[in-house]
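Enquirer: Predicted model and sequence follow; I will ask about them next.
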Amino acid sequence: MAQLFDVTQFIKDSYQLPGIDRPYTVPLAVPGVDKTVHSLIIVNNECLQQYKEFSVNIDVQKIPEIKCKFHGYVINNLLEERIDLNFITNGANALKYDVTVYCINSELKFNFFETLHVKDITLNSFYFFTRKIKAIGQNLINGRLFLYCQITRKDILMPLQLEIPKSEMSKQFSTLYENKLLTDFTIICHDQEFLAHKVVLAARSPVFQSMFEHEMKESLENQVEITDFKPEIVEKMLRYIYTDNIEDLNEADAQKLLAIANKYALKRLKIICMKEISKSVNNVSEALEAFSIADQYNVEEFEERVVQFMKDNRHNL
């Protein structure tokens with residue numbers, strides 16, 4: 001069953017309207033994935049009792065054009081109404097629809113009325129609801145009868161939907177690094193050694209890729225020594241390489257990490273570091289200092305942002 005729309009506001013808005021002789025419809029939604037048309041039918045019950053019947057059209061489909069005509073009439077001079085419907089189309093079709101009607105009561109609750117299963121629609125196909133609606137008491141809101149109608153196309157298969165699980169690649173690569181599984185390369189930094197995987201380093205860093213593609217000393221010995229950075233900075237870089245994420249980054253570490261990211265051509269990491277550095281920029285002097293850092297480490301995207309920052313804030317700096 002298609003989801004019902006909240007019609008509270010539509011009904012409240014109708015309170016402001018004067019008595020309307022003719023019934024009318026309010027389209028609530030065009031067909032979506034479930035191929036359902038939602039409409040609200042509003043009938044002035046006083047006028048219905050005077051004229052003894054009503055009819056409204058609901059547009060079901062544009063190509064080919066199909067309309068559904070609802071026809072209601074009072075029976076036996078009592079406050080009871082029957083409803084039938086007439087599908088109007090340009091020709092014979094093998095289409096199938098489910099037509100479901102709810103009556104909305106004075107507490108704004110949906111009371112199920114009936115569902116018609118319609119098929120083999122022709123030029124003028126008539127279908128009849130078997131139940132009757134009592135247009136009295138709680139079934140009326142401000143002297144009006146509110147009918148909620150769903151018309152659902154049934155001859156089209158619903159799409160087979162499958163929810164795609166959230167990617168666990170980052171978590172899995174983090175586990176690969178943490179557990180030192182199948183490592184084949186060692187990074188030596190002062191008195192610490194970091195075990196890694198050539199294929200991961202090469203995929204993430206053009207510098208490592210070039211190192212492994214040629215018969216360089218590091219590639220032949222399966223190790224490289226880094227002496228110009230502290231072990232904790234090398235560790236942060238490796239965690240970024242494996243997870244594409246940096247946690248607990250502060251401005252002091254950001255400048256050091258920016259330098260190693262530049263050395264190993266980790267472009268995205270450079271931008272992450274510059275973003276952290278830029279948080280402290282509040283005046284021209286600090287903006288120029290940040291620009292100098294970006295220029296030193298070839299972060300062109302940030303240089304452009306600094307220029308724009310100074311243009312946008314020229315009256316406030």
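Expert: On my side now, so go ahead. Numbering: from 1, shown residues only.

Enquirer: use CA for all of it now, contacts and neighbours both
Expert: Noted.

Enquirer: Stretch 112-127: which residues count as buried?
Expert: Neighbour-count burial for stretch 112-127 flags 113, 115-116, 118-119, 121-122, 125 (criterion: 16 or more other CA atoms under 10 Å).

Enquirer: Would you mind naming the residues that bridge with Lys134?
Expert: On the basis of DSSP bridges, Lys134 is bridged to Glu80.

Enquirer: Can you pull out the residues in contact with the helix or strand that Ile260 is a member of?
Expert: Taking DSSP states H and E as the criterion, Ile260 maps to helix 251-263. Helix 251-263 is contacted from outside by 207, 229, 233-234, 236-237, 267, 269-270, 273-274, 276-277, 297-298, using CA atoms under 8 Å, 6 or more residues apart in numbering.

Enquirer: same deal with stretch 267-278?
Expert: 240, 249-251, 254-255, 257-258, 261-262, 287, 290, 294, 299, 301-302.

Enquirer: Turn the buried ones among those residues into a named PyMOL selection, would you?
Expert: Of the contacts of stretch 267-278, the buried ones can be selected in PyMOL as follows, counting by 16+ other CA under 10 Å:
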select buried, resi 240+251+254+255+257+258+261+262+287+290+294+299+302
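
Enquirer: pretty sure His197 contacts Ile187?
Expert: No: using CA atoms under 8 Å, His197 is not in contact with Ile187; the gap is 10.2 Å.

Enquirer: Confidence-wise, which of the buried residues of stretch 112-127 comes last?
Expert: Least confident entry in those, by pLDDT: Thr122, with 70.

Enquirer: what's the domain layout of the protein?
Expert: Domain segmentation of the chain under automatic domain parsing yields 8-153, 169-311.

Enquirer: For Leu162, find the nearest of these.
Expert: When the domains of the chain are compared by CA to CA, domain 8-153 sits nearest Leu162, at 14.0 Å.

Enquirer: ok, how many other residues are close to Ile104?
Expert: Residues lying near Ile104 (other CA atoms under 10 Å) number 23.

Enquirer: For the residue nearest to it when sequence neighbours are not counted, the count of nearby residues, please.
Expert: Closest residue in space to Ile104, ignoring its immediate chain neighbours: Phe110 at 4.7 Å, by CA to CA, 6 or more residues apart in numbering. The number of residues packed near Phe110 is 16, by other CA under 10 Å.

Enquirer: Need the pLDDT of Phe110.
Expert: For Phe110, pLDDT reads 92.

Enquirer: residues touching it, list them.
Expert: 102-104.

Enquirer: Then Leu145?
Expert: 41-45, 103-104, 135, 139.

Enquirer: go with 7 Å
Expert: 42-45, 135, 139 (CA atoms under 7 Å, 6 or more residues apart in numbering).

Enquirer: hang on, the earlier thing: which ones among the buried residues of stretch 112-127 are found in helices?
Expert: Among the buried residues of stretch 112-127, DSSP state H puts none in helices.
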